[in-house]
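**Student:** Quick check, what structure comes out for this input:
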Amino acid sequence: KIQWARAARTDKGVHALGNCVSLRLLAKVGDSPDAVNTINAHMPDDIRVFECVKVTKSFNAKNQAWGRRYEYLMPTYAFR
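**Tutor:** Modelled structure (predicted):
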């Protein structure tokens, strides 16, 4: 069983890079020096974990994220 929370959400057609996710795992994956590779081995190719950090039980990605940055790209023809 996995309980998780994310720092942000994306709308349909929007992509996220660098989203912070907090998980409560029953397994001791976070204690392994190879935790990132272990997790990525079970993820789809278009989802990657870059870092795994053990935090306190009360940590929640949505409520305790350091910040959020959004970039919106629009084609130039949208302004004509």
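**Student:** so where do the strands sit in this protein?
**Tutor:** 3-6, 21-24 (DSSP state E).
**Student:** worst average pLDDT in these?
**Tutor:** For the strands of the chain, the bottom mean pLDDT is recorded on strand 3-6, which sits at a mean of 67.
**Student:** Pull out the buried positions in the longest helix anywhere in the chain.
**Tutor:** Ranked by residue count and defined by DSSP state H, the top helix of the chain is helix 35-40. By 16 or more other CB atoms under 10 Å, the buried positions in helix 35-40 come out as 35, 39. No exception for glycine: its C-beta is placed from N, CA and C like everyone else's.
**Student:** For that helix, output the C-alpha coordinates as CSV.
**Tutor:** Output of helix 35-40 as CSV, limited to C-alpha atoms (Å, rounded to 0.1, in the frame of the first residue of the first chain):
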residue,chain,number,x,y,z
ALA,A,35,16.9,3.7,-4.3
VAL,A,36,16.5,5.8,-7.4
ASN,A,37,17.4,3.0,-9.8
THR,A,38,15.1,0.6,-7.8
ILE,A,39,12.1,2.9,-8.1
ASN,A,40,12.8,3.8,-11.8
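**Student:** quick one: average pLDDT of that helix?
**Tutor:** On average, helix 35-40 scores 86.
**Student:** and if you look at stretch 73-80?
**Tutor:** On average, stretch 73-80 scores 80.
**Student:** And the contacts of that stretch?
**Tutor:** Residues outside stretch 73-80 that contact it (CB atoms under 8 Å, 6 or more residues apart in numbering): none.
**Student:** gap between the two ends of it?
**Tutor:** By CA to CA, to the nearest Å, the extent of stretch 73-80 from end to end equals 15 Å.
**Student:** and what of stretch 50-64?
**Tutor:** End to end - CA to CA - stretch 50-64 spans 19 Å.
**Student:** Going by neighbour count, which residues in that stretch are buried?
**Tutor:** So, applying 16+ other CB under 10 Å, buried residues of stretch 50-64: 52, 61.
**Student:** I'd like the average pLDDT over it.
**Tutor:** 81.
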